[in-house]
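**Student:** Any chance you can model this:
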Amino acid sequence: MSQFSKQEIVDILNLPPNRITSIPLGSRAIFHPRPPHEITAQLTKHNLPESYLLYVGTVEPRKNVPGVLTAYAHLPPDTRRHTPLVIVGASAPWARQNLNEMIRHHHLSDHVRVLGYLDDETLAHIYAGARALVWPTFYEGFGLPPLECMASGTPVITSNTCSLPEVVGDAGLLVDPTNTREIAEAMQRLIEDHDFAATLSQKGLTQAAEFSWSRCAAEHAKIYCQLATP
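**Tutor:** From the prediction side, this is the model:
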């Protein structure tokens, strides 16, 4: 749980803040930087180029997938040709239909690859190979994909609202999720500025190391012990 979620619970339920404990989630060990030859094998399997932008998650209103597609459509045609947008995640049939309609609406059929659900091992390599994760969601209680991407050594573009600044800190590009031009500029910067992308990659690894499931478990155990003490 994030501090953002804690505050929402306190405000909505009118509870004393000391009744709620915020315990951050963690990134699993499978998400880590990968050697180029491992990444290339997965990219070849899925017919992906070396450079691509990535969105991971379901297609639903709060995830702002229309904003991702609109921002991507703002990129120059040559940039889109060389850096497709890859969309990963299971979605209901109606959501997949809506996604396909949005892609056609923006004339992006040649530049957007929809991979659907991927197993963890494949996803880990797709994370590690991406130029950047593009994740300008409207609402998140925590936000695991940005954390998993940072742990994989991949730069992150995400929202400057809700819980995301807590998770990403200064290790990613925080954008207004309602401003598609700003999102597009962040995409363009990470595609073109390799030095800046490398800096964010290193910052992301450091930031992600602050979140672990062992820490999450230890803090839960601490609360259980406190509750069990007479």
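**Student:** When you work out contacts or count neighbours from here on, use the C-alpha atoms and nothing else.
**Tutor:** OK.
**Student:** can you list the weak-confidence ranges in this protein?
**Tutor:** Residues of the chain that meet the criterion pLDDT under 70 lie in 230.
**Student:** residue ranges of the helices in this protein, please?
**Tutor:** Using DSSP state H, the helices of the chain run over 3-13, 36-45, 65-74, 77-82, 93-105, 120-129, 144-151, 164-168, 180-192, 194-208, 213-228.
**Student:** Could you single out the most deeply buried of the ones you listed?
**Tutor:** Most buried of these by mean neighbour count (mean count of other CA atoms under 10 Å) is helix 144-151; its value is a mean of 26.
**Student:** Format the helices of the chain as a markdown table; extra columns: distance to F138.
**Tutor:** As requested, those are exported to a markdown table (distance: least, CA to CA, whole Å):
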| stretch | distance to F138 |
| --- | --- |
| helix 3-13 | 13 |
| helix 36-45 | 30 |
| helix 65-74 | 10 |
| helix 77-82 | 24 |
| helix 93-105 | 17 |
| helix 120-129 | 21 |
| helix 144-151 | 14 |
| helix 164-168 | 10 |
| helix 180-192 | 13 |
| helix 194-208 | 21 |
| helix 213-228 | 25 |
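**Student:** Out of these, the one nearest L25 is which?
**Tutor:** Nearest of the helices of the chain to L25, taken as CA to CA: helix 213-228 at 6.0 Å.
**Student:** chain center to stretch 123-137: distance?
**Tutor:** What separates the centre of stretch 123-137 from the centre of its chain is 7 Å, taken as CA atoms, centre = their mean, to the nearest Å.
**Student:** Oh, that last question was meant for stretch 157-166, not what I typed.
**Tutor:** Relative to its parent chain, stretch 157-166 has a centroid offset of 10 Å by CA atoms, centre = their mean.
**Student:** Please apply the same query to stretch 30-44.
**Tutor:** On CA atoms, centre = their mean, the centre of stretch 30-44 falls 18 Å from that of its chain.
**Student:** what about that stretch, how long is it end to end?
**Tutor:** One end of stretch 30-44 sits 20 Å from the other (CA to CA, to the nearest Å).
**Student:** sorry, back to before: what's the closest of the helices of the chain to I20?
**Tutor:** Within those, the stretch nearest I20 is helix 3-13; the backing value is 6.4 Å (CA to CA).
**Student:** what does the closest one rub up against?
**Tutor:** With CA atoms under 8 Å, 6 or more residues apart in numbering as the test, helix 3-13 has contacts from 15-17, 20-22, 141-142, 162-163, 166.
**Student:** thinking again about what came up before, to I30, which of the helices of the chain lies closest?
**Tutor:** Of all the helices of the chain, helix 120-129 comes closest under CA to CA, at 6.6 Å.
**Student:** Please name every helix or strand in contact with that closest one.
**Tutor:** In terms of contacts (3 or more CA pairs under 8 Å, 6 or more residues apart in numbering; DSSP states H and E), helix 120-129 is packed against helix 36-45, helix 144-151.
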